[in-house]
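In: what follows is a predicted protein model with its sequence.
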Amino acid sequence: MRTAWPALALLLGCGAPPSIGPGAEAAAPATPLGDMQGAHVVFYNVENLFDTHDDPATNDADFLPGSEQQWTDERYRHKLEQLSKAIAWAGEGAPLLIGLAEVENAAVVKDLARTGALADAPYTVVHHDSPDERGIDVALLVDRDRARVRSEEALTVDLPGDATRDVLYAALDVDGPQDLHVFVAHWPSRREGQRESEPKRMAAARVIRDRVDALLEKDPAAQILIMGDLNDHPTDRSVQEGLGAVCDPAADADLYALMCMDRLPGEGSHQFNGEWAYLDQFIVSKALLDRTLAARAVADQRLLFRHPKFGPSPDKTYSGGRYKGGFSDHLPVVLRLK
């Protein structure tokens, strides 16, 4: 895999990140909003970012100091440092937005926003607790010098006899009064098999598609950004049919799957048995496609280790139950805007 754009870890801003929840509104930034020109957006499945406190409402038994994995405060803090480095390596300056998957609660997102290079950026935290059986959620960090959260909502994915992560939706003020509509998703896994579990991801896709249809009916030129670990490839049915996203930038469509455009052999954000794939994706509307420069995995060699059988692989926190102190089983992906 090729190395992504070089990163400088000097992020501007200050202050602890405020949190946005149901019915709350973000405080107005102290300075006028900047535009999105040259900005970048990061999505990262951070693989089991749990704190060390026992929460009866979540399945966190494996991530406690007395567990078999010995998830101590020291290991938690090290994980935060590793994740903040990985995000900083995604591009020069502070990301405009950071989408996250596999976070236990708002507290760990706030801790991450206060760690390392990210601590200097003025991020607002957008998070909702979801009904996922593992107790993991999605979240969004918004640079409040460049964007203001106008509204946010957790979109429930109804699965008969099952529960999964909500889809996080936020409407942001960017470029002055112009909206940016952001979805952060972590679709159901392939644990039961790709074909057997596909209806669950189709259900998640329909939840997003219904909201996208409503937004485009109101404003055909709406700027829409969908990011997340979709647990499917950009060419799979859930993306192509469920979302209606296409791979051809010249096609007459309303959603475009960026991770299947100009993809290089062996490129991806996740590796399984030596095969790389883009499970972590950016999908944009036509209005945002026109502002898109590139979307790629952050293939920084510091995020990888050489597996004896499968070659370069994401450097994880645990491998086979053994603590390694790495980053995640996914690579971050970055969207760069013109």
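Out: On my side now, so go ahead.
In: shaky segments in the stretch 1-150 of the chain?
Out: 1-34 (pLDDT under 70).
In: would you tell me which helix is longest in this structure?
Out: Using DSSP state H to define each element, the chain has its longest helix at helix 194-218.
In: got the buried residues for that one?
Out: 197-198, 200-205, 207-209, 211-212, 215-216 (16 or more other C-beta atoms under 10 Å). Every residue, glycine included, has its C-beta placed from N, CA and C.
In: just name the closest of those to residue 152, please.
Out: Nearest to residue 152 out of the buried residues of helix 194-218 is residue 211 (C-beta to C-beta; 12.5 Å).
In: got a pLDDT number for the closest one?
Out: Listed pLDDT for residue 211 reads 98.
In: what residues are up against it?
Out: Neighbouring residues of residue 211 by C-beta atoms under 8 Å, 6 or more residues apart in numbering: 155, 169, 183.
In: among these, name the buried ones.
Out: By 16+ other C-beta under 10 Å, the contacts of residue 211 give 155, 169, 183 as buried.
In: what about residue 248, neighbour count?
Out: Using other C-beta atoms under 10 Å, residue 248 has 11 other residues around it.
In: also residue 35?
Out: By the measure other C-beta under 10 Å, the count of residues near residue 35 is 12.
In: what do you get for residue 336?
Out: 17.
In: then residue 317?
Out: 22.
In: so what's residue 333 up against?
Out: The contact partners of residue 333, by C-beta under 8 Å, 6+ apart, come to 42-44, 227, 259, 269, 278, 280-282, 295-298.
In: could you give the bridge partners of it?
Out: Using DSSP bridges, the beta-bridge partners of residue 333 come out as residue 43, residue 297.
In: tell me how far it lies from residue 50.
Out: Distance of residue 333 to residue 50, given as C-beta to C-beta, to the nearest Å: 22 Å.
In: what's the answer for residue 212, then?
Out: According to C-beta to C-beta, residue 212 stands 32 Å off from residue 50.
In: next: residue 144.
Out: Distance of residue 144 to residue 50, given as C-beta to C-beta: 27 Å.
In: work out for me the element the residue nearest to residue 148 when sequence neighbours are not counted sits within.
Out: Distances taken as C-beta to C-beta, 6 or more residues apart in numbering place residue 173 nearest to residue 148, at 4.1 Å, with adjacent residues excluded. Under the criterion of DSSP states H and E, residue 173 resides in strand 167-174.
In: and that strand with helix 194-218, angle?
Out: 30 degrees (axes from the mean of the first three to the mean of the last three C-alpha atoms, to 10 degrees).
In: partner strands of strand 167-174, parallel or antiparallel?
Out: Assessed with DSSP bridges, strand 167-174 is paired to strand 148-155 (antiparallel), strand 178-186 (antiparallel).
In: restrict that strand to CA atoms and write it as PDB.
Out: Coordinates of each C-alpha in strand 167-174 appear next as PDB, following Å, rounded to 0.1, in the frame of the first residue of the first chain:
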ATOM      1  CA  VAL A 167     -26.700   6.200  12.600                       C
ATOM      2  CA  LEU A 168     -25.600   9.600  13.800                       C
ATOM      3  CA  TYR A 169     -26.900  12.500  11.700                       C
ATOM      4  CA  ALA A 170     -25.800  16.100  12.200                       C
ATOM      5  CA  ALA A 171     -26.600  19.200  10.200                       C
ATOM      6  CA  LEU A 172     -23.600  21.600  10.300                       C
ATOM      7  CA  ASP A 173     -23.200  25.300   9.300                       C
ATOM      8  CA  VAL A 174     -20.100  25.600   7.100                       C
END
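In: avg pLDDT for it?
Out: 96.
In: what sits up against that strand?
Out: 33, 35-36, 96, 126-128, 138-140, 142, 146-155, 157, 179-185, 204, 207-208, 211, 223.
In: picking up where we left off before, closest to residue 85 out of the strands paired with strand 167-174?
Out: Closest to residue 85 of these, according to C-beta to C-beta: strand 178-186, at 21.5 Å.
In: number of nearby residues for residue 292?
Out: Count around residue 292 with other C-beta under 10 Å applied: 18.
In: ok, it to residue 140 distance?
Out: Counting by C-beta to C-beta, the gap from residue 292 to residue 140 is 19 Å.
In: sorry, back to before: reformat the contacts of residue 333 as a markdown table; add distance to residue 121.
Out: A markdown table is the format used below for the contacts of residue 333 (distance: C-beta to C-beta, whole Å):
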| residue | distance to residue 121 |
| --- | --- |
| 42 | 12 |
| 43 | 16 |
| 44 | 15 |
| 227 | 18 |
| 259 | 25 |
| 269 | 23 |
| 278 | 26 |
| 280 | 21 |
| 281 | 24 |
| 282 | 20 |
| 295 | 21 |
| 296 | 22 |
| 297 | 22 |
| 298 | 17 |
